[in-house]
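Undergrad: next input, structure requested:
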Amino acid sequence: MDYEQMTIDQLIDMCVEGLEKKQYIKVRDSIRDLQPMDIAYIMEEMPEDTMPVMFRLLPKELAAEVFVELDPDSQENLITGFSKTELKEVIDELYLDDAVDIVEEMPANVVTRILSASDPEVRQSINEILQYPDDSTGSIMTTEFIDMKRNMTVEDALKRIRRVGQDMETISVMYVIDKDRHLLGYASIRTLLLADEDATMGEIMDRNVVSAQTLDDQEETARKFEKYDFLAMPVVDKENRLVGIVTIDDAIDVLTEETTEDIERMAAISPSYKPYLKTGILETVKSRVPWLLLLMVSATFTGQIISSFEDALSAVTILTAYIPMLMDTGGNAGSQASVTIIRGISLDEISIKDIFKVIWKEIRVAVCIGAILAAANFAKLMLVDKMIFHNPITVQVALVICLTLIFTVFAAKLVGCSLPLIAKRIGFDPAVMASPFITTIVDAISLIIYFRFATFLLHL
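TA: Numbering: from 1, shown residues only. Take a look at the predicted model:
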């Protein structure tokens, strides 16, 4: 059978049917040449009770790669059903950083089983990495890398790679250290292959090495991969001693998690680290309710502002009809500015020292946008609302609305561009200052501006 021509859905159906008929060789042959993430997907789409059987059909090395790609719930189910020998085989095949990631996701009783099945050296390394703060570079690094002494020849270096490289996560880059493990430089495998065999690592290494410290924020380290196009980055302690490396796959995972977290916070949702369909109803409610309660209570201020100008609204009732438009426009203008600034902060394009440049730019943008919107709105009020819908719009009322629009856009842009930078400066996540939060502030400001103009120009 030509398994390469089959779709994933067809493979799933065939595997389910094959397991029911105990055609294990057929099932194994159908999936063994697939990528680990595809096999993991197939296993997760099949009935839960078939997963252990499928897993045991895989070769040992492939099984470990597939295990890493499974979601935490599936990993926990497999670990629970493993014998101690099976669990040890899987842990022995995992790279250290993958083993740490799994331990961090598991409940205490499962972690105990994993650590008890691990070799003492692996257990010690896992515990050392787990001691680093959750968001630090040390928490995502691996200690499985190749280091070289500077007086080692290229020939000796290649022999070392052949001897230990199979157990390392990457051999694309080697790091050169002194006798005290201070980082001196690095050399790529390409450099080694093209160099003279008698040359020393100290002679061929690149001394211009970019590294991260163990306590650096993991997102900042991941951004360096984006900036320098690294495949791996050395991690050093405060004394510049080499303690580990971060690889590109872990950097991508960090950027994905941080982006997801920012998107959820920008939508006023507490971050969740589970896939949407695997997040329970109560857990989803808990992530959304706190922010909605906070925003609902904060919206009380807008209600109080409207109540305090009740006399003005009763005297010119047509003013009420344009409150939603002004509030929405202000909120949208603020959101545009905040999202742009938050993105700039995330990409290290903008920092707190640029706040005055940002404000000056947004002031000019706000003036242009406010003028355009006010002119368009004035024409719409006089031609559409008054002449077609026969609303009691006077020039004075139209002027109040349009002036409010200009100043609301102005205020919204200032709030939207400055709050994320201020939040970053005082240690908060700038994403918190996104759409919902800024919209609530701008709503109150727009109402105050509106009623002040109405009171002054209409003599209310």
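Undergrad: for the stretch 151-300 of the chain, which spans come out with low pLDDT?
TA: 264-275, 277, 298 (pLDDT under 70).
Undergrad: need the next SSE after the helix or strand containing Val90, C-terminal direction.
TA: Secondary structure from DSSP states H and E places Val90 in helix 84-93. Helices and strands here follow DSSP H and E; after helix 84-93, the next one along the chain is helix 96-105.
Undergrad: quick one: residues in contact with that next one.
TA: For helix 96-105, contacts defined as C-beta atoms under 8 Å, 6 or more residues apart in numbering pick out 67-68, 72, 75, 91, 94, 111, 114-115, 118, 122, 125-126, 129-130, 139-144, 169, 247, 250. C-betas here are computed from N, CA, C, even on glycine.
Undergrad: of those residues, grab the buried ones for PyMOL.
TA: Those of those that count as buried under 16 or more other C-beta atoms under 10 Å are selected in PyMOL with:
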select buried, resi 67+68+72+75+91+94+111+114+118+122+125+126+129+139+140+141+142+143+144+169+247+250
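Undergrad: got the domain boundaries for the protein?
TA: 3-134, 147-255, 299-457 (automatic domain parsing).
Undergrad: would a markdown table of the ones you listed with distance to Val289 be doable?
TA: Formatted as a markdown table, the domains of the chain follow (distance: least, C-beta to C-beta, whole Å):
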| stretch | distance to Val289 |
| --- | --- |
| domain 3-134 | 24 |
| domain 147-255 | 27 |
| domain 299-457 | 13 |
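Undergrad: looking at those, which is nearest to Thr279?
TA: Closest approach to Thr279 among the domains of the chain (C-beta to C-beta): domain 3-134, 11.0 Å.
Undergrad: just the mean pLDDT for the closest one, thanks.
TA: Domain 3-134 carries an average pLDDT of 87.
Undergrad: next one: stretch 413-427
TA: Summarised as a single mean, pLDDT over stretch 413-427 is 90.
Undergrad: buried residues of it, list them for me.
TA: Lys413, Leu414, Val415, Gly416, Cys417, Ser418, Leu419, Pro420, Leu421, Ala423, Lys424.
Undergrad: any chance of those residues in CSV, plus secondary structure?
TA: Below are those laid out as CSV (DSSP: H, G, I helix; E, B strand; the rest coil):
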residue, secondary structure
Lys413, helix
Leu414, helix
Val415, helix
Gly416, helix
Cys417, helix
Ser418, helix
Leu419, helix
Pro420, helix
Leu421, helix
Ala423, helix
Lys424, helix
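Undergrad: in a strand, Glu239, correct?
TA: No: per three-state DSSP, Glu239 lies outside any strand segment and is coil.
Undergrad: hang on, the earlier thing: what are the buried residues along the helix holding Val90?
TA: Glu86, Leu87, Lys88, Val90, Ile91, Glu93.
Undergrad: where's Ile318 relative to Thr340, distance?
TA: From Ile318 across to Thr340, the span is 35 Å (C-beta to C-beta, to the nearest Å).
Undergrad: tell me which of these two has more neighbours.
TA: Thr340 (17 against 14; other C-beta atoms under 10 Å).
Undergrad: tell me the contacts of that one?
TA: Cys417.
Undergrad: ok, residues contacting whichever strand or helix holds Ala444?
TA: Under the criterion of DSSP H and E, Ala444 resides in helix 435-457. With C-beta under 8 Å, 6+ apart as the test, helix 435-457 has contacts from 266-268, 291, 295, 298-299, 301-302, 305-306, 309, 312, 316, 319, 323, 326-327, 329-331, 333-335, 338-339, 396, 399-401, 403-404, 407-408, 411-412, 415-416, 419, 460.
Undergrad: and if we set it to 6 Å?
TA: 266, 268, 295, 298, 301-302, 305, 309, 312, 319, 326-327, 330-331, 334-335, 338, 396, 400, 403-404, 407-408, 411-412, 415-416, 460 (C-beta atoms under 6 Å, 6 or more residues apart in numbering).
Undergrad: pull out the buried residues from those.
TA: Counted by 16+ other C-beta under 10 Å, the contacts of helix 435-457 give 266, 268, 302, 305, 309, 312, 319, 326-327, 330-331, 334-335, 338, 400, 403-404, 407-408, 411-412, 415-416 as buried.
Undergrad: now, those that are in strands?
TA: In strands, judged by DSSP state E, none of these are found.
Undergrad: what sits against Ala117?
TA: Ala117 neighbours (C-beta under 6 Å, 6+ apart): Lys84, Leu87, Lys88, Ile91.
Undergrad: what ranges does the stretch 101-250 of the chain have for its helices?
TA: With DSSP state H, counting those that start in this stretch as the criterion, the stretch 101-250 of the chain has helices at 108-117, 120-130, 154-164, 189-194, 201-204, 218-228, 248-266.
Undergrad: spatially central residue in the chain, please.
TA: Glu258 (2.0 Å; C-alpha atoms, centre = their mean).
Undergrad: kindly provide the distance from that one to Ile345.
TA: According to C-beta to C-beta, Glu258 and Ile345 sit 12 Å apart.
Undergrad: with Val103 instead?
TA: Taken as C-beta to C-beta, the span from Val103 to Ile345 is 32 Å.
Undergrad: okay, these two: which has more neighbours?
TA: Neighbour count, other C-beta under 10 Å: between Val103 and Ile345, Ile345 has more, with 21 against 18.
Undergrad: give me the phi and psi for that one.
TA: Backbone geometry at Ile345, expressed as degrees, to the nearest 10, gives phi -70, psi -40.
Undergrad: which residue packs closest to it, ignoring adjacent ones?
TA: For Ile345, ignoring the flanking residues on the chain, the nearest one in space by C-beta to C-beta, 6 or more residues apart in numbering is Pro430 at 5.1 Å.
Undergrad: could you do Glu48 as well?
TA: Nearest to Glu48 is Asn77, by C-beta to C-beta, 6+ apart, at 6.7 Å.
Undergrad: buried stuff in stretch 214-230?
TA: Thr214, Asp216, Gln218, Glu219, Thr221, Ala222, Arg223, Lys224, Phe225, Phe230.
Undergrad: list just the nearest of the residues you listed to Met152.
TA: Distance to Met152, by C-beta to C-beta, is smallest for Phe230 among the buried residues of stretch 214-230, at 23.3 Å.
Undergrad: could you measure from that closest one over to Asp429?
TA: Distance from Phe230 to Asp429, by C-beta to C-beta: 26 Å.
Undergrad: do Glu197 as well
TA: Glu197 is 52 Å from Asp429, by C-beta to C-beta.
Undergrad: likewise Val164?
TA: From Val164 to Asp429 the distance is 41 Å (C-beta to C-beta).
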